[in-house]
Each structure stands twice: as C-alpha cells, then as structure tokens.
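Colleague: Sequence below, structure please.
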Amino acid sequence: MDPIRRHLLKAAGLFVATRAFANDQQGANMQPSSVKPRHVLCFLGKNESLLRPPKAVAETIADFGFEIDRIHSQAKPDPHMERSFGVCWDRVFPKAWSASDEAAVANHKSVLYVLGPPMAQQKTAAFSAAALQIVDEMFDAGAVAAKGESAGIAHGVARWRSLMDQARKGAITSQGLSITSAVTKACRLAFAKRPLAGDRYYETVGYHLVGLPEVHVAKPLGNEWSAVMLMEEIANAMAERGIDATLRDRKLTLSHEQDYAEDNFKFNPYGIVRLEA
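Modeller: Numbers count the residues shown, from 1 in each chain. The predicted structure is shown next:
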C-alpha cells in the first residue's frame, strides 16, 4: 500500500494531533451547531464507464469511508454542468483551468458524485487529503473534470494534480509522515472558494473542510486581491498556531451568524472571523 495512503487511513481513523492547530480546538469549539461537514465530489467522464470505477479506485473510496451516490450519478450529460463549472472555476490561481478543461466539461457524457463521511473537526485535514487523493485517482480512472460541491470550487486537471502533489510533499517531514499545516493549506486551496463578494465583505466558503472558520474581509480594507492575501494570512495562522491563539493575538472575534442553513453543505459549524474596516 502507498505510504501516503496508509498514513491517511491511520490519520482519519486514529488521528493524534501534534500541532497547535489540533491542540487548540477545545477552546475554539464554541459553536452551537453539532453539524459535521462532509465532502461532495463531482466528476465528469467521457463515457458511462465513469460510473464503474476500477477496483483499486473503488477500494480507495470505500477505505476512506466515502461512497458513490448512485441516486444522482448518471450515465448521460448534465446540461447544467457547463454553467456550473463556469461559476466554480478558481479565479485566484493563474491558469487554474484551460480551454481543454472547458471543452471536457462541455463534451462530458456522464456524471459521478462521491460523498464523504461526516468529519470531526480534528480529522478534517486528513479526510480532505483523502478526498484530494480520490480526485487524483479518479483522473487516472478516466474522469475528465472534477469539482468540490461543498464549496462550489473547480480546477483544471493539471491544477488538481498539482495540489495533490503539494499535499503529498507536505505530508513528508523529518519525523516521517504527518498531517502538517502544508497539507492543510493544499487541501484548503483545493476545496475552498474565495473571494466571494457579499454586500459588505469579501468572503470565503469551504474553510470548514479543513476545520477552520470562514474569513470575511470588509470591502473598505481593499480590493478582492488584497482581501485574498488577508484571507490566506489569517487561515495560515489559524492552521499553524491554532484558532484561539490567532484570534487572541489579532484581537479578532468569532461569529456564528451566517447565511447558510445547517443542512447546506456550505454551512460552517466553526463560525466566521470578520475583519472590519
């Protein structure tokens, strides 16, 4: 078994936190909601064989506690996918998708949904790394496009592969294999969408998939690109030093007021950090 895959299986089932991010969760767990986030992955294929992943990929999906959604998957094109991917493409990373990725979406012939298990906060990074590995293996199995439905984010095939490579390299430390802040960052870049423009803030969605609150930046603080930099700065600090420590040091507060209902996959049970002007 691939050592990264073996480690992810161990981390997802018997995760022992060693970094400030995990150690600090007891103090940060003030949320009134008991909702556990989960991944919903969408894959497009060039034929109906997408709905029958090879045995090795099916085993990876099952081993990590994910499952194929046979109700909504279909062996025919979905006419809404071209518009959906058009909205979901990541516009932060340069050339996050290409014309060939757009063509693959437009010409797809099948749709497969894979559902992740509900994730405890301290295990989100491990399960998100597992989700990223499933995406990588699904491309090997013939998928031509993928997006994360839980935040509405899509990348081109090359970008997905690059993010998996970042997570794989980030997991290798001088002490062996570990779910490091580098792994958490790769998963956050893979599965979170930003910046979304609300009435008053530039917003993130999807940080709950790595166990973090969302970060909203008041529009008077700058344009959307400077807002992204602030979002990354705060998220990196929370992942490396802990949520409570970051909020305390930066004199920020955590809010649980949000627009998404608890049954929405985008609902963040860990709240929102708002940076005011």
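Colleague: now this protein, which segments are flagged as low pLDDT?
Modeller: Residue ranges of the chain with pLDDT under 70: 1-32, 173-178.
Colleague: Taking the centroid of it, which residue is nearest it?
Modeller: F191 (2.4 Å; CA atoms, centre = their mean).
Colleague: quick one, longest strand in the protein?
Modeller: Longest strand in the chain by number of residues, with DSSP state E as the criterion: strand 67-74.
Colleague: This structure: strands as residue ranges?
Modeller: 40-45, 67-74, 110-115, 143-148, 153-155, 172-173, 176-177, 193-197, 201-205, 214-218, 254-255, 272-275.
Colleague: Columns distance to A245 and mean neighbour count on top of those strands, output as a markdown table?
Modeller: Where you see a C-beta, it was placed from the backbone N, CA and C, and this is true even at glycine. Below are the strands of the chain laid out as a markdown table (distance: least, CB to CB, whole Å; neighbours: other CB atoms under 10 Å):
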| stretch | distance to A245 | mean neighbour count |
| --- | --- | --- |
| strand 40-45 | 31 | 23 |
| strand 67-74 | 36 | 14 |
| strand 110-115 | 34 | 21 |
| strand 143-148 | 28 | 26 |
| strand 153-155 | 28 | 24 |
| strand 172-173 | 21 | 14 |
| strand 176-177 | 25 | 13 |
| strand 193-197 | 23 | 20 |
| strand 201-205 | 20 | 24 |
| strand 214-218 | 16 | 24 |
| strand 254-255 | 13 | 14 |
| strand 272-275 | 13 | 20 |
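Colleague: any idea how the chain splits into domains?
Modeller: The chain is divided into the following domains under automatic domain parsing: 3-185, 193-275.
Colleague: Name the residues that touch the longest strand of the chain?
Modeller: With contact meaning CB atoms under 8 Å, 6 or more residues apart in numbering, strand 67-74 is reached by L51, P53, A58, I61, S110, V111, L112, Y113, V114, L115.
Colleague: mind running it again at 6 Å?
Modeller: Strand 67-74 is contacted by residues L51, V111, L112, Y113, V114, L115 when judged by CB atoms under 6 Å, 6 or more residues apart in numbering.
Colleague: How about stretch 153-172?
Modeller: By CB under 6 Å, 6+ apart, the residues outside stretch 153-172 that reach it are 4, 85, 88-90, 96-98, 101, 129, 132, 135-136, 139, 147, 177, 180, 182-183, 186, 189-190, 193.
Colleague: Quick one, which of those residues are buried?
Modeller: 4, 85, 88-90, 96-97, 101, 129, 132, 135-136, 139, 147, 177, 180, 182-183, 186, 189-190, 193 (16 or more other CB atoms under 10 Å).
Colleague: Please flag which of those sit within helices.
Modeller: Among those, the members found in helices (DSSP state H) are 4, 85, 88, 101, 129, 132, 135-136, 139, 182-183, 186, 189-190.
Colleague: okay, the strands of the chain in a markdown table with distance to D244 next?
Modeller: As requested, those are exported to a markdown table (distance: least, CB to CB, whole Å):
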| stretch | distance to D244 |
| --- | --- |
| strand 40-45 | 29 |
| strand 67-74 | 34 |
| strand 110-115 | 31 |
| strand 143-148 | 27 |
| strand 153-155 | 27 |
| strand 172-173 | 24 |
| strand 176-177 | 27 |
| strand 193-197 | 23 |
| strand 201-205 | 19 |
| strand 214-218 | 15 |
| strand 254-255 | 9 |
| strand 272-275 | 12 |
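Colleague: Tell me which of the ones you listed lies nearest to R241.
Modeller: The minimum distance between R241 and the strands of the chain falls on strand 272-275, with 13.6 Å, by CB to CB.
Colleague: same for the closest one, what does it pack against?
Modeller: Here strand 272-275 is seen to pack against strand 214-218 when contacts are counted using 3 or more CB pairs under 6 Å, 6 or more residues apart in numbering; DSSP states H and E.
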